[in-house]
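Engineer: Quick check, what structure comes out for this input:
(one chain, ligands or ions: 1)
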Amino acid sequence: SSSIFAAVEMAPRDPILGLNEAFNGDARDTKVNLGVGVYFDDNGKIPLLAAVKAAEETRLKAAPPRGYQPIEGPAAYNTAVQNLLFGKDSDLLAAGRVITAQAIGGTGALKIGADYLKRLNPEAKVYISNPSWENHRALFEAAGFIVEDYAYYDAGTRGVNFAGMKADLNKMAPGSVVLLHACCHNPTGADMSDAQWAEVVGICQERGLVPFLDMAYQGFADGIDADAVAIRAFSASGLQFFASSSFSKNFSLYGERVGALSVVTASKEESARVLSQVKRVIRTNYSNPPIHGGALVAAVLASGELRAQWETELAGMRDRIRAMRAGLVDAIKATGCAQDFSFVAQQRGMFSYTGLTAAQVERMKEEFGIYAVSTGRICLAALNTKNLDYVAKAIAAVTK
Ligand code: PLP
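Structural biologist: Residues are numbered from 1 along each chain as shown. Modelled structure (predicted):
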């Protein structure tokens, strides 16, 4: 008798996980993994933030019971999320026009939003930037949508192809869902200016598009409020929109899976109906969210002292990434490399599209034990004062 799994095919390997396996198997002690999507400190370690540690110690001492949470998560957590995204003095929040549900990381928030959108408008198409975080397409396709892309990155200027993007937005059918990176675009590091965001808001309004803002790196570019510029611009527009957010990066809580889905509606009364539907999606997926990570975030954000400490630590991560960007530009220049890499210092967030070709990335691996994604994306937060010059020399060598 044959197994019910006899005909199952092996799914394609995740390219980043494959990279990590190859890196772990590399015996060279000078090896560097620039393929990761996490923030490392100058010692190459994932930090446990002091504010998080303090909140955790208090929580462990209190030893609270572990009952079920509300389907949408606790109000204290959801309000804290809303204040970060929309600003605590937001008119929308005062009017009850935002609903928020705790989610299993930013990915979980996207999935709840996608599943709900599929119920709301099953015929809609979803548009993602070209290129985008590699899970966006798969996630919306898994929710049953046809996913297409809109022009975004301009390899020539290493910035945003804004004319191309606008042209594509202007071709979308009303009701189309447009997935936008709220800040620190992954994988390119190329963000829109405030003026460009205002234009995108206008087009979404004119064409009746449904914006879905993915905010995975709030605080990693310019600061908590500065990085919320897109959310604030859409908030001022009167449009309804979706926002997924994540504390994986800015609280360094990757494995705790802490995020949220927020939906902006037209009225308080509408919010109640929408929340009831979002809760239905959550209930049939995993019932209600886990406690621990969300409780730590809520505790930090509710305490004046811990919040100030968190903001300082977040600024420290942001400043270190910026220092590595500037440092890499200078160190490449110092090798006498003919190619100009100054654009790396202009890009924002954790990543840069370096323009390195797949062949050059391969040489970095073979000759130097430096691992990167074949698209040429590198994680600046994997650089540190010890490996910076080595990486700069390798980039100069392979681009000669
Ligand atoms: N969205 C973008 C653009 C990301 O880069 C990431 C993580 O890399 C996520 C969402 C998912 O975040 P989380 O790990 O919180 O699920």
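Engineer: Could I get the buried residue list for stretch 258-273?
Structural biologist: Buried residues in stretch 258-273, counting neighbours by 16 or more other Cβ atoms under 10 Å, are found at 258-265, 270-271. In this view, the C-beta of every residue, glycine as well, is placed from N, C-alpha and C.
Engineer: Check those residues and tell me the two furthest apart.
Structural biologist: Maximum pairwise distance among those (Cβ to Cβ): 27.0 Å, between V258 and E270.
Engineer: can you list the residues of the stretch 251-400 of the chain near the ligand?
Structural biologist: Contact residues (Cβ under 6 Å from any ligand atom) of the stretch 251-400 of the chain with the ligand: G259.
Engineer: Look at the residue of the stretch 251-400 of the chain found nearest the ligand and tell me its secondary structure.
Structural biologist: Proximity of the stretch 251-400 of the chain to the ligand (Cβ to the nearest ligand atom) peaks at G259, 4.9 Å away. What DSSP: H, G, I helix; E, B strand; the rest coil gives for G259 is strand.
Engineer: who touches it in this structure?
Structural biologist: Contact partners of G259, counting by Cβ atoms under 8 Å, 6 or more residues apart in numbering, are 102-109, 244-248.
Engineer: among those residues, which are in reach of the ligand?
Structural biologist: 105-107, 246, 248.
Engineer: taking the residues you listed one by one, which sit in helices?
Structural biologist: 105-107 (DSSP state H).
Engineer: Columns pLDDT on top of these, output as JSON lines?
Structural biologist: Shown next, in JSON lines, are these (pLDDT from 0 to 100):
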{"residue": "G105", "pLDDT": "98"}
{"residue": "G106", "pLDDT": "98"}
{"residue": "T107", "pLDDT": "98"}
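Engineer: can you pick the most crowded of those residues?
Structural biologist: In terms of neighbours by other Cβ atoms under 10 Å, these top out with G106 at 25 neighbours.
Engineer: quick one: the residue nearest to A372 when sequence neighbours are not counted from the ligand, how far?
Structural biologist: Distances taken as Cβ to Cβ, 6 or more residues apart in numbering place L34 nearest to A372, at 4.4 Å, with adjacent residues excluded. The gap separating L34 from the ligand is 15 Å, by Cβ to the nearest ligand atom, to the nearest Å.
Engineer: for Y217, same thing?
Structural biologist: Y217 sits 7 Å away from the ligand, going by Cβ to the nearest ligand atom.
Engineer: Restrict the contacts of G259 to the buried ones and give me that as a PyMOL selection.
Structural biologist: Command for PyMOL that selects the buried part of these, burial taken from 16+ other Cβ under 10 Å:
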select buried, resi 102+103+104+105+106+107+108+109+244+245+246+247+248
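Engineer: quick one on the thing from earlier: and the residue nearest to A372, what does it touch?
Structural biologist: Taking Cβ under 8 Å, 6+ apart, we find L34 in contact with 370-372, 378-379, 382-383, 391.
Engineer: Could you identify the most distant pair in these?
Structural biologist: Maximum distance among these (Cβ to Cβ): 12.9 Å, for Y371 and L383.
Engineer: between the two, who's got more neighbours?
Structural biologist: With neighbours defined as other Cβ under 10 Å, Y371 and L383 compare such that L383 has more, 26 against 21.
Engineer: And the ones next to the ligand among the contacts of G259, which two are furthest apart?
Structural biologist: T107 and S248 (8.9 Å).
Engineer: R307: how many residues sit nearby?
Structural biologist: By other Cβ under 10 Å, neighbour count at R307 equals 15.
Engineer: same check, this time on G304
Structural biologist: G304 has 7 neighbours, counted by other Cβ under 10 Å.
Engineer: Tell me how far it lies from W310.
Structural biologist: G304 is 11 Å from W310, where distance means Cβ to Cβ, to the nearest Å.
Engineer: The stretch 151-300 of the chain: strands as residue ranges?
Structural biologist: 153-154, 159-160, 177-181, 210-215, 241-246, 258-264 (DSSP state E, counting those that start in this stretch).
Engineer: how's this protein carved up into domains?
Structural biologist: Using automatic domain parsing, the domain ranges for the chain come out as 15-48+307-398, 68-302.
Engineer: most tightly surrounded among those domains?
Structural biologist: The highest mean neighbour count among these, using mean count of other Cβ atoms under 10 Å, belongs to domain 68-302: a mean of 20.
Engineer: Any idea how far apart the tips of that domain sit?
Structural biologist: 22 Å (Cα to Cα, to the nearest Å).
Engineer: next one: stretch 135-151
Structural biologist: End-to-end distance (Cα to Cα), stretch 135-151: 18 Å.
Engineer: Check what contacts it and list those residues.
Structural biologist: Contact with stretch 135-151 is made by 107, 110-111, 114-115, 117-118, 122, 124-132, 161, 164-165, 167-169, 172, 177-179, 214, as judged by Cβ under 8 Å, 6+ apart.
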